[in-house]
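Chemist: got a sequence here, can you model it:
(chains A and B)
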2 protein chains.
Amino acid sequence: MTTGAQALIFTLLDAGVEVCFANPGTSEMHFVAALDDVPEMRGVLCLFEGVVTGAADGYARIAGTPAATLLHLGPGMGNGLANLHNARRAHVPLVNVVGDHATYHKQYDAPLESDIEALAQWTHGWVRRIGSGASIGADAADAVAAAQATPAQVATLILPADISWSDGGEPAGPVDPAPPASPDASAVAAIAEVFRNGERAVLLIGGAANGEAGQRAADRIAAATGATALVETFPARHTRGAGVPALDRLGYLAEAAMAQLEGVEHLIVAGTGAPVSFFAYPGKASSLVPDGAHVHTLAGPDTDVVAALEQLAELVAPDVEPRLAQPTAVELPTGDLTVQNWVQVVAALLPENAIVSDESNTSGVMLPAATAGSPRHDVLTLTGGAIGQGLPVSVGAAIAAPDRPVIALQADGSAAYTISALWTMARENLNVTVVLINNHAYAILRLELMRTGAGTGGPKAQQLLDLANPDMDFAKVADGFGVPSSVATTCEELAEQFSAAVAAPGPHLIDARIPPLL
Amino acid sequence: MTTGAQALIFTLLDAGVEVCFANPGTSEMHFVAALDDVPEMRGVLCLFEGVVTGAADGYARIAGTPAATLLHLGPGMGNGLANLHNARRAHVPLVNVVGDHATYHKQYDAPLESDIEALAQWTHGWVRRIGSGASIGADAADAVAAAQATPAQVATLILPADISWSDGGEPAGPVDPAPPASPDASAVAAIAEVFRNGERAVLLIGGAANGEAGQRAADRIAAATGATALVETFPARHTRGAGVPALDRLGYLAEAAMAQLEGVEHLIVAGTGAPVSFFAYPGKASSLVPDGAHVHTLAGPDTDVVAALEQLAELVAPDVEPRLAQPTAVELPTGDLTVQNWVQVVAALLPENAIVSDESNTSGVMLPAATAGSPRHDVLTLTGGAIGQGLPVSVGAAIAAPDRPVIALQADGSAAYTISALWTMARENLNVTVVLINNHAYAILRLELMRTGAGTGGPKAQQLLDLANPDMDFAKVADGFGVPSSVATTCEELAEQFSAAVAAPGPHLIDARIPPLL
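Modeler: Here you go, the predicted structure:
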């Protein structure tokens, strides 16, 4: 006799889903109980659903395969939506399991009743309500395949409690995800002609192209044609550092991005779209494509973008090697921490093969330049703009790659959204070093207040952008959640604490007190 | 020249909305700046949207009028959904202001773009997208009136950034909310006949009837007819204690509720619906109405339920006085804290006219009995089952009633969802005493695991219900968020710390270490 819950977990595991990040409730109790029947499925408790979904995102960015979530009804999914939004924008595979009331119970409009499908559809992903134990295995296999389509997506499985607890669950074997579309050879050839015409061109890559192979192909093209190759503004996973082509990212600030694109006649996009301003500003254009520039799409979202870049490189740069970043020794700075020097400490001490979860926001503006010659590493960024993603993503990344050091560079304001991620780091003894950039402000909003033309703000406005009064002490908060912590106010302290934290197993939080950018 | 943002805030204030709980982003910067142009509108910063929406709920429960929120785009509203769900189930008025991209920017699908209307509709409330500065005042006035309809609801106003920042904003005067329907005299008379027939009856009240006037009428009816009057399981605001009729609440556990309703032939509901089980359990009925019992509705959700109860009381109990709870001196217990004795400490020391935000879950099972004869107080409960509501609600309640002591009785697991509410308590110097019941477990899920027939759980299941390894130290977490704290392990310590905290201005958190119920 197999329950629906057992069949579901067997099927997920068989399809390659090995971890379930969970914040369960009563309607998920049989799923929870069934975890003991499937020893290979790892259950990881998170204390808030935004940690669950962010961890599943971070896991997928590093593992390349989906994790499952386990969420409690509509409100539980509501709490998980912001990081599902980031996962959607990251195009990662994610199997989102949401428990629901028993089928016959829904008509009673019990207090937790709500429209789960509406929330699932909000993620622009794949959605299915499991209809029976007989179908549960096939539904789960379809969900895993749907999650791994090209582009990858959030696949939501709604699991009624009675189907979970009833016998008659039928596991199913894995379903192959639809393969990516092959590049269109004639489109590739046409774009090769664009590069050969000598007009100023930028090649903007994104998605899977932000890995090593895609960047090598992009840099060969750039080297051979004189074009500039750029990585999209907020990559889900950007492989970089010594030994990898040193492609810059397109700037977040429209002013910076427009400077990078100034005078460009051809913008070739591969694995991403034409760039747009993150927000609208009075009197500023929303599109970042220079007036008169032509936009060419080398590979759309359903296409194997790395193959497309490699085919293009074979056409325009058959004998050209990519230019690789050289290792750079960064000197350790000294004195009080500043926006300028803390990134040099990280750059100087970044361990080999690190995973950097970067939600340092304004405090991290100088990070990419500082770490360009650091040992090879992967940077995971805030793909969808919904803050509170960095700590959960680092949880998932650390579970996907237990042998790699994970460095979470985390702004204070954003940290407050999903701070209980620290507890899961402690519970699972994850190798995460959190550098909590504590500047006591929503510094980015001070900048945005000016950029939107709203001025510098009166005292009431400033109070809403200010995280002082009281200052948060993240070292104490971390201690409270079971993560060892320390406070750094100087480069020397940060360097010593960072080295020690990276060398020691388990998590550590450094509360780095750094004045705001403005 | 008036901007849209200024016109919006002027209109909200004119319609009686005096507080805005905010977690803004770039698209809300002009709203933030405009707060300085309207000194009477109080802006309260919360560090997470679930705190914003829960605080607005708590404010409305005490003030009786709506607060406004300020949320950042779809993901910000996503983070606020769980407590909007609780507010929906509480039937409180709430004006939910959600900033959106500029109208012309939406077509670009910038990273934070999403379907805000879909999320607003999920709350089953009123929704409008502001179309122009010329309409913004009228839209805001309509929203405040819609929020205050009967039943009250969440009214969402979607505010495009360009309408917010453009001149041409036109404020508008307040709109009267539609009054509640008057009771149906023939229905009241028919129900009077039911009470007179001598068959066993229960009168179950809810909503506005949980205040003093409704309970007085209900208890007169009960006293005159021999019926039992009960308050709904999870009232938004339940006035009780010495001098108020001592009506029991219908039990949360279906087993307990069915015992209260056993043998009932007539169930009269007023301001609430026929009771249903919170969750489904294998082999158990979803409806809690005993087989064969007749359900009669005295007043539906659109009706003035207090008036209906008073009319009914005049028919069946014209000369009967309500039976009021007598003040009871509770002896202070001694020794290590237990589920049994901590509630006696609170009962013995509860200050006059307190507001009790109760999210103590399993640890609070003995609270209602212990506090039945305590000084008069209002209890605010978890109306929608979405945990993480107690601390935010206490923030809003304390802002609505600065002269009343607010006591937040808060379970540890639930506290983790919205823990940054502590920071707002510190920032605003709110008179909130948090008794954090730290039992290191999702104790309710241990109970529910058994109740759902899933057994007691293997080691993996138990690990997902367990909040130990590591234990959370909420005293340290509170310190980190700027709230003074202490640890209590005995009744004597709790009593001393509770008395001192209630007597002192500003917030205090007592980390009360209490073994779990099971």
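Chemist: the stretch 151-300 of chain A: strands as residue ranges?
Modeler: For the stretch 151-300 of chain A, strands defined by DSSP state E, counting those that start in this stretch occupy the ranges A:154-160, A:201-205, A:228-231, A:238-240, A:248-249, A:266-270, A:294-299.
Chemist: nearest to chain B, of the ones you listed?
Modeler: The closest of the strands of the stretch 151-300 of chain A to chain B is strand A:154-160. By C-beta to the nearest C-beta, the value is 9.0 Å. (Glycine included, C-beta is placed from N, CA and C.)
Chemist: against which helices or strands is the closest one packed?
Modeler: helix A:4-14, helix A:73-90, strand A:94-100, helix A:116-122, strand A:126-129, helix A:133-147 (3 or more C-beta pairs under 8 Å, 6 or more residues apart in numbering or on different chains; DSSP states H and E).
Chemist: for the fifth one, what is the average pLDDT?
Modeler: Read that as strand A:126-129. Averaged across strand A:126-129, the pLDDT comes to 98.
Chemist: contact partners of it?
Modeler: Contacts with strand A:126-129, where a contact means C-beta atoms under 8 Å, 6 or more residues apart in numbering or on different chains, come from A:100, A:116-117, A:120-121, A:139, A:142-143, A:146-147, A:149, A:153-158, A:160.
Chemist: try it again at 10 Å.
Modeler: A:95-96, A:98, A:100, A:103, A:116-121, A:135, A:138-140, A:142-143, A:145-147, A:149, A:153-160, A:163 (C-beta atoms under 10 Å, 6 or more residues apart in numbering or on different chains).
Chemist: kindly report the same for the fourth one.
Modeler: Where contact means C-beta under 10 Å, 6+ apart, the residues beyond helix A:116-122 that reach it are A:71, A:73-78, A:80-81, A:84-85, A:88, A:96, A:98-101, A:115, A:126-129, A:154-159, B:74-75, B:78, B:81, B:114-116, B:118-119, B:121-122.
Chemist: give me the buried positions along it.
Modeler: Burial within helix A:116-122, assessed by neighbour count using 16 or more other C-beta atoms under 10 Å in any protein chain shown, is assigned to A:Ile116, A:Glu117, A:Ala118, A:Leu119, A:Ala120, A:Trp122.
Chemist: just curious, which of the residues you listed is nearest to A:Phe195?
Modeler: A:Trp122 (39.7 Å; C-beta to C-beta).
Chemist: now the closest residue to chain B within the stretch 201-350 of chain A: phi and psi?
Modeler: Here the stretch 201-350 of chain A gets closest to chain B at one residue, A:Ala280, 3.6 Å apart by C-beta to the nearest C-beta. Dihedral angles of A:Ala280 (phi, psi; degrees, to the nearest 10) stand at phi -90, psi 150.
Chemist: so it touches B:Glu113, yeah?
Modeler: No - applying C-beta atoms under 10 Å as the test, A:Ala280 and B:Glu113 come out as separate, 11.1 Å apart.
Chemist: neighbour count winner among these two?
Modeler: More crowded of A:Ala280 and B:Glu113, by other C-beta atoms under 10 Å in any protein chain shown: A:Ala280, with 26 against 20.
Chemist: tell me the contacts of that one?
Modeler: Contacts of A:Ala280 (C-beta under 10 Å, 6+ apart): A:254, A:286, A:452, B:26-27, B:101-106, B:108, B:110, B:160-162, B:165.
Chemist: quick check: closest non-adjacent residue to the residue nearest the centre of chain A.
Modeler: Nearest to the geometric centre of chain A sits A:Ala236, at 4.6 Å (C-alpha atoms, centre = their mean). Distances taken as C-beta to C-beta, 6 or more residues apart in numbering or on different chains place A:Ala90 nearest to A:Ala236, at 3.7 Å, with adjacent residues excluded.
Chemist: cool, and A:Ala178?
Modeler: Per C-beta to C-beta, 6+ apart, closest to A:Ala178 is A:Ala149, 5.4 Å.
Chemist: what's the burial count for A:Val477?
Modeler: Count around A:Val477 with other C-beta under 10 Å applied: 28.
Chemist: OK, contacts around the residue nearest to the centre of chain A?
Modeler: A:57-58, A:60-61, A:86-87, A:89-92, A:152, A:206-208, A:210, A:378-384, A:393.
Chemist: for A:Ala9, what are its contacts?
Modeler: That one is not Ala; residue A:9 is Ile. By C-beta under 10 Å, 6+ apart, A:Ile9 lies in contact with A:3, A:17, A:20, A:31, A:34-35, A:37-38, A:40-41, A:43, A:68, A:97, A:140, A:169, A:171.
Chemist: of those, buried ones?
Modeler: Of the members of the contacts of A:Ile9, the ones counted as buried by neighbours, 16+ other C-beta under 10 Å, are A:3, A:17, A:20, A:31, A:34-35, A:37-38, A:41, A:43, A:68, A:97, A:140, A:169, A:171.
Chemist: show me those residues that map onto helices.
Modeler: Counting by DSSP state H, the part of those found in helices is A:Phe31, A:Ala34, A:Ala140.
Chemist: out of those, which touch chain B?
Modeler: By C-beta under 10 Å from any C-beta of the partner chain, the members of those lying near chain B are A:Phe31, A:Ala34.
Chemist: check whether stretch A:79-86 comes near chain B.
Modeler: Yes - with C-beta under 10 Å from any C-beta as the criterion, chain B is reached by stretch A:79-86 at A:Asn79, A:Gly80, A:Leu81, A:Ala82, A:Asn83, A:Leu84, A:His85, A:Asn86.
Chemist: stretch A:473-493 too?
Modeler: Yes - using C-beta under 10 Å from any C-beta, stretch A:473-493 reaches chain B at A:Asp473, A:Phe474, A:Ala475, A:Lys476, A:Val477, A:Ala478, A:Asp479, A:Gly480, A:Phe481, A:Gly482, A:Val483, A:Ser485.
Chemist: list the buried ones in that stretch?
Modeler: The neighbour-count check on stretch A:473-493 (16+ other C-beta under 10 Å) flags A:473-483, A:485-488, A:490-493 as buried.
Chemist: averaged pLDDT, it. What do you get?
Modeler: pLDDT averaged over stretch A:473-493 gives 98.
Chemist: ditto for stretch A:111-121
Modeler: In this model, stretch A:111-121 has a mean pLDDT of 98.
Chemist: which one of the buried ones among the contacts of A:Ile9 sits closest to chain B?
Modeler: Taking C-beta to the nearest C-beta as the measure, chain B lies nearest A:Leu35 of the buried ones among the contacts of A:Ile9, at 4.5 Å.
Chemist: quick one: the closest one and B:Gly458 touch, right?
Modeler: Yes - assessed by C-beta under 10 Å, A:Leu35 is found in contact with B:Gly458 at 7.7 Å.
Chemist: related to what we said a few turns ago, can I get the buried part of the contacts of helix A:116-122 as one PyMOL selection?
Modeler: Burial among the contacts of helix A:116-122 is assessed by 16+ other C-beta under 10 Å; the matching PyMOL selection reads:
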select buried, (chain A and resi 71+73+74+75+76+77+78+80+81+84+85+88+96+98+99+100+101+126+127+128+129+154+155+156+157+158+159) or (chain B and resi 74+75+78+81+114+116+118+119+122)
